[in-house]
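Q: predicted model, plus sequence, below.
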Amino acid sequence: MKSTKFYSLDECLDKDKVIERLDKLADDRKIDYDYIDADLIKIKDLSLSIKETKDLSKFLSDNDVLEDFDFEDDDDADDDFIEYDSDEDY
């Protein structure tokens, strides 16, 4: 991984198993992960080896945890609001 990726838990049938594995990796300081919402997580690779990266990718795939290519790190609900200069004429 060596980056930040977003994954959807929407199709995952055993979320507890997946979260347990992610918690273990986080406790070992191999990854950092956060929930973006109920079915979307952000995983940041901190120190996974190539083998560990492949194992995690396979584990996620086997558990129907799919990479979300549509979500980017800079996607934010606050981006939906436009700030207007109060001096502008409308």
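A: Done, it's in.
Q: okay, strands next: where are they in the chain?
A: In chain order, the chain shows strands spanning 4-8, 31-37, 40-45, 66-67, with DSSP state E as the criterion.
Q: helices or strands up against the longest one?
A: Right, strand 31-37. Contact partners of strand 31-37 among helices and strands, from 3 or more CB pairs under 8 Å, 6 or more residues apart in numbering; DSSP states H and E: helix 15-27, strand 40-45. From N, CA and C alone the C-beta is placed, and that goes for glycine too.
Q: most neighbours per residue, which of those?
A: Of all the helices and strands packed on strand 31-37, strand 40-45 has the most neighbours on average by mean count of other CB atoms under 10 Å, namely a mean of 18.
Q: tell me who's in contact with the residue nearest in space to the middle of the chain.
A: Central residue of the chain (CA atoms, centre = their mean): K42, 1.6 Å from the mean position. Neighbouring residues of K42 by CB atoms under 8 Å, 6 or more residues apart in numbering: T4, K5, F6, Y33, D34, Y35, I36, D73.
Q: just put the strands of the chain in JSON lines and tack on distance to S57 and mean pLDDT.
A: Converted to JSON lines, the strands of the chain look like this (distance: least, CB to CB, whole Å; pLDDT from 0 to 100):
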{"stretch": "strand 4-8", "distance to S57": "10", "mean pLDDT": "94"}
{"stretch": "strand 31-37", "distance to S57": "12", "mean pLDDT": "95"}
{"stretch": "strand 40-45", "distance to S57": "10", "mean pLDDT": "96"}
{"stretch": "strand 66-67", "distance to S57": "9", "mean pLDDT": "94"}
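Q: which stretch among those strands comes nearest L60?
A: Within these, the stretch nearest L60 is strand 4-8; the backing value is 6.3 Å (CB to CB).
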